[in-house]
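A.B. asks: below is the structure, and that's it, no one-letter string:
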């Protein structure tokens, strides 16, 4: 009897699989739209609805984890709070080893760690979902420190730049009619 190997999914992949099973995939582009048919260039708008939807969730969770320091902002996120709680708990344990276990610093550290762990778990699950659904890889080649936030901002910017470059102002029907009449009269 032949045994079939099955891949054991991580917790993140299992959550992503559950989300994928519930998504309405009619919002996704056909794979033929991933590249421009005539130029072969990567289409930055490929699955843009899913990129904005799921990418926005990933970006918000990354912001919660690391803040906006990757954009030279002052918000430092859950990791900074966790580090602060760790420092205070370490000091409390050194100063009062007998009462540390029930101390406020110990409880704050436990809560901060749980909050960070929960957010990291959701972030990883949504990154798995983003990668599986959109046809893009979250974070591209951006550094781990930004948790993909820099890549996502640049990706959105490239979409906007392309949209702006391709934009030609819409001509009103009366302007179009005037142009057509001018061409017609010029032939006479």
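C.D. replies: Sure thing, it's come through. Please read all numbers here as calculations on a predicted model, not as lab measurements.
A.B. asks: going forward, measure contacts and count neighbours with C-alpha atoms only.
C.D. replies: Fine.
A.B. asks: in terms of secondary structure, what does the helix ranked longest in the chain contact?
C.D. replies: As assigned by DSSP state H, the longest helix anywhere in the chain is helix 104-134. Other helices and strands packing on helix 104-134, by 3 or more CA pairs under 8 Å, 6 or more residues apart in numbering; DSSP states H and E, are helix 11-22, helix 48-66, helix 77-95.
A.B. asks: spatially nearest residue to residue 136, not counting backbone neighbours?
C.D. replies: Closest residue to residue 136 apart from its sequence neighbours, by CA to CA, 6 or more residues apart in numbering: residue 130 at 7.5 Å.
A.B. asks: surely the one you found meets residue 148?
C.D. replies: No - the pair residue 130 / residue 148 is not scored as a contact, 11.6 Å apart, by CA atoms under 8 Å.
A.B. asks: shared neighbours, the two?
C.D. replies: residue 138 (CA atoms under 8 Å, 6 or more residues apart in numbering).
A.B. asks: tell me how far the residue positioned nearest the centre of the chain lies from residue 29.
C.D. replies: For the chain, the residue sitting closest to the mean C-alpha position, by CA atoms, centre = their mean, is residue 55 at 2.9 Å. Distance from residue 55 to residue 29, counting by CA to CA, to the nearest Å: 16 Å.
A.B. asks: and if you look at residue 49?
C.D. replies: The value you get for residue 49 to residue 29, if CA to CA is used, is 9 Å.
A.B. asks: kindly report the same for residue 146.
C.D. replies: Applying CA to CA to residue 146 and residue 29 gives a distance of 28 Å.
A.B. asks: of the two, who's got more company?
C.D. replies: Per other CA atoms under 10 Å, whichever of residue 146 and residue 29 has more neighbours is residue 146, with 21 against 17.
A.B. asks: residue 56 - how many residues pack around it?
C.D. replies: 16.
A.B. asks: any idea how many residues pack against the closest residue to residue 113 other than its chain neighbours?
C.D. replies: Nearest residue to residue 113 in three dimensions, chain neighbours excluded: residue 82, at 6.2 Å (CA to CA, 6+ apart). Counted with other CA under 10 Å, the neighbours of residue 82 add up to 21.
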